[in-house]
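J.: sequence and predicted model, in that order:
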Amino acid sequence: MKNILIVFLGLYLVSCSPKSDQKVEVKQDPLPSWNEGANKSAIINFVKKATDSSSESFVDIENRIAVFDNDGTLWSEHPMYFQLAFALDQIKKLAPQHPEWTDTEPFKSVLSGDMASVMKQGEGAIIKIVLATHGDVTADDFEARVKEWMTTARHPRFDRPYTDLIFQPMLEVLEYLRANDFKTFIVSGGGIGFMRPVTNQLYGIPAEQVMGSMMKVEYDKENKVINRYPELSFIDDKAGKPVGIYNFIGKKPIAAFGNSDGDLQMLEWTSTNSNSLMMYVHHTDEEREWAYDSLSHFGKLKEGLAVANESGWNVVDMKKDWKVVYPFELKK
């Protein structure tokens, strides 16, 4: 009798075991670099509801639009915006063609390495530097300059290419959304010509899904090229962000991610959708990245944080919510 029971038990276990050609579904964590908590759960629950056809919060695939700021949301922005670092390097590189810069501010201070003086001159000085280095060039030549700089320039704190300083947890959010039929867009105050050459490589976001501030451009019929001029035609910041989304995407997002007051209107507009996710990245980790908000020259977050807290939006605490900040930390 004992032997018979053993045989039956063996047959039962075999019948319950998956066959060699059967696929065993293993549920993997879609956000492995996020610590368990309210913000990670908010992202996952939002996606589940938006993709569940039986849910009242279900969203058709064509309307699954998610928008992301870039500076401070997808990559770091300190000690200065990466685009500003590029512009400063370009001033030094182009200086031989502009001898007048040696006696003209803010170029004089840039060439002497006096960044404190540049910052004291305010936003107007920054705009002059950007216009001088981003205009009077063809679109193709400017793209080549950006690609070269991205390959050779090193971040002063980490001594790594600037392209290494993208946020691993946000890469996972992008991949998770796209795996669930969301279309992901960048909507940044940064220059569209500065971002587009690298966004597909870094984030999997193609150039046509990148919006940003724009220089005046015209088609040169004689030479068959696009020329860039030292004049801004659109600033994709603050109220400009929802306007840009309306003009270029044509649909209101259901998910928006930012990190500064410049993103507030984009998140506000997104919040008018019934099933929506608004999320701020709050920089709180001075050891692995930086800690800053209301007093920062770059990525100031004051009004947006107050509105987020009042409205019940999600605010990511970088120090508490993220297991790692950058992809290179995974290789340690």
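T.: Here it is on my side, so go on. Keep in mind the model is a prediction, meaning the values are calculated, not measured.

J.: any idea which element residue 190 lies in?
T.: In this structure, residue 190 is located in strand 183-191 according to DSSP states H and E.

J.: contacts for that strand, please.
T.: 64-71, 74, 81, 83, 130, 134, 174, 177-178, 195, 199, 203-205, 209-215, 235-237, 240-241, 244-245, 249, 253, 262, 266 (Cβ atoms under 8 Å, 6 or more residues apart in numbering). Bear in mind the C-beta positions are built from the backbone N, C-alpha and C, glycine included.

J.: and what of stretch 145-153?
T.: Stretch 145-153 is contacted by residues 85, 86, 89, 90, 137, 161, 162, 163, 193, 194, 197, 198 when judged by Cβ under 8 Å, 6+ apart.

J.: please redo it, this time with the cut-off set to 10 Å
T.: Stretch 145-153 is contacted from outside by 82-83, 85-87, 89-90, 93-94, 133-134, 137, 161-163, 191, 193-198, 201-202, using Cβ atoms under 10 Å, 6 or more residues apart in numbering.

J.: show me which of these are buried.
T.: Buried members of those, counted by 16 or more other Cβ atoms under 10 Å: 82-83, 85-87, 89-90, 94, 133-134, 137, 162, 191, 193-198, 202.

J.: returning to what we had before: the contacts of strand 183-191, buried ones only, as a ChimeraX selection?
T.: Selection of buried members from these for ChimeraX, criterion 16+ other Cβ under 10 Å:
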select :64,65,66,67,68,69,70,71,74,81,83,130,134,174,177,195,199,203,205,209,210,211,212,213,214,215,235,236,237,240,241,244,245,249,253,262,266
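
J.: among the contacts of strand 183-191, name the ones in helices.
T.: 83, 130, 134, 174, 177-178, 195, 199, 203, 240-241, 244-245, 266 (DSSP state H).

J.: and which of the residues you listed is nearest to residue 168?
T.: Nearest to residue 168 among the ones in helices among the contacts of strand 183-191: residue 174, at 10.8 Å, using Cβ to Cβ.

J.: and that closest one, how far from residue 130?
T.: Using Cβ to Cβ, to the nearest Å, we find residue 174 at a distance of 27 Å from residue 130.
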